[in-house]
Structures are given as structure tokens and as C-alpha cells.
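Chemist: predicted structure and sequence below. I'll ask about it afterward.
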Amino acid sequence: MDLSAYIRDIEDFPKPGVVFKDITPLLKDPKALKAATELLLHYTANMRVDKVVGVDSRGFIFAPLLAQKMGAGFIPVRKPGKLPFNTLSESYELEYGQEILEIHSDAIEKGDKVLVHDDVLATGGTAKAVCKLVERLGGEVVQCNFLIHLTFLQGAEKLNGYPIKSLLRY
């Protein structure tokens with residue numbers, strides 16, 4: 001199945017000059033959603049994973065599905081003020097500004113093998129911040145999974161040392 005047929009470009013979103021890769025057409029098609037989930041699972045075959053971290057907000061779509069299929073826990077990483085318990089924070093740069101992410105302070109246990117999942121790898125700032133949060137809690141990032149990798153933004157360079165997998169590359 002050609003999953004790229006289910007990704008649409010939205011120009012000038014969220015700000016002028018940015019071409020947003022919209023995954024909602026993929027999500028609304030049951031066959032495309034199933035195919036994407038199965039391909040992401042294939043990337044983790046024979047991998048021990050204790051926790052799957054999903055990044056606010058589109059990372060929340062596939063991360064729980066992957067966690068459930070892998071017999072792992074799901075951990076949300078959110079924007080500030082959205083998690084109800086004690087948190088750790090990490091700031092980062094993204095292609096159109098600066099942001100902060102938070103994780104519950106008890107989300108990861110020392111030695112946990114962690115899969116990080118988000119919808120898009122762009123400049124790498126978000127994923128790197130998540131990896132730092134996981135490591136600050138004593139976890140080991142075993143892989144970073146993405147639906148889409150925007151290679152021209154060179155985000156993989158910020159994730160040097162972390163295995164990266166993506167379904168689509170632009």
C-alpha cells in the first residue's frame with residue numbers, strides 16, 4: 001500500500017512558509033491505518049520494549065497501539081501544564097519556534113527499554129527533547145519511530161546515536 005497517497009500537504013500551516021504534512025487522511029482510512037500500524041510494528045520485531053513514549057499530540061495516535069501490541073506500557077509526553085502529577089521538563093527548538101515538553105517523574109524506571117514515537121521527524125528538536133527526558137529518568141531509548149521523516153530539515157543529525165525508523169521520507 002502506498003501510504004504517501006494518504007498524506008496531504010497544507011501550505012503555510014502553522015505559519016507562512018511551512019508545508020505541514022497532514023496525516024488525517026491516513027487515520028480516517030481503516031486499511032491505511034492498519035497498514036501503517038503493522039509497518040511500524042515490523043520496525044520493532046524482536047526488540048524488547050518496556051515503554052512506548054508518544055509525543056503530544058499526534059504521537060498519541062500510534063504509540064498506544066504499538067504499546068498494546070508489544071505488551072509494553074504507554075507514556076504520554078505533553079506540553080506544559082497538561083500532566084496532573086509531578087513532571088520533568090525539557091525545552092527545545094523546533095522549525096517555527098521554541099517549546100517545552102513534560103513527562104511524569106515516575107513514568108520511566110531505571111533500565112526501561114523505551115521506544116519513542118511521533119508522527120513527523122522534522123528538525124529533530126522534539127524527539128531529542130523526549131530522548132533526554134527518557135534518559136534523565138534512567139531509561140534507554142532503543143529506537144525512535146516516525147510516520148514521516150522530512151530529510152531536508154536534517155533532524156536525524158540531532159538524533160545521532162539513536163536508531164531511527166520512518167515509514168515515509170520527503
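Modeler: It's in.

Chemist: please report the distance of the nearest residue to Ile10 once chain neighbours are set aside from Tyr43.
Modeler: Nearest residue to Ile10, sequence neighbours excluded (Cβ to Cβ, 6 or more residues apart in numbering): Phe20, at 4.2 Å. The way it works is simple: take the backbone N, C-alpha and C, and place the C-beta from them, glycine included. Note on Phe20: its distance to Tyr43, by Cβ to Cβ, to the nearest Å, is 24 Å.

Chemist: the two: who's more crowded?
Modeler: Tyr43 (17 against 14; other Cβ atoms under 10 Å).

Chemist: check contacts around the more buried one.
Modeler: Gln143, Asn145, Lys165 (Cβ atoms under 8 Å, 6 or more residues apart in numbering).

Chemist: among those, which one sits closest to Pro64?
Modeler: Asn145 (13.2 Å; Cβ to Cβ).

Chemist: quick one: buried residues of the helix or strand containing the closest one?
Modeler: In this structure, Asn145 sits in strand 140-149 according to DSSP states H and E. Going by neighbour count (16 or more other Cβ atoms under 10 Å), the buried part of strand 140-149 is Val141, Val142, Gln143, Cys144, Asn145, Phe146, Leu147, Ile148, His149.

Chemist: what's the mean pLDDT across that strand?
Modeler: Mean per-residue pLDDT for strand 140-149: 98.
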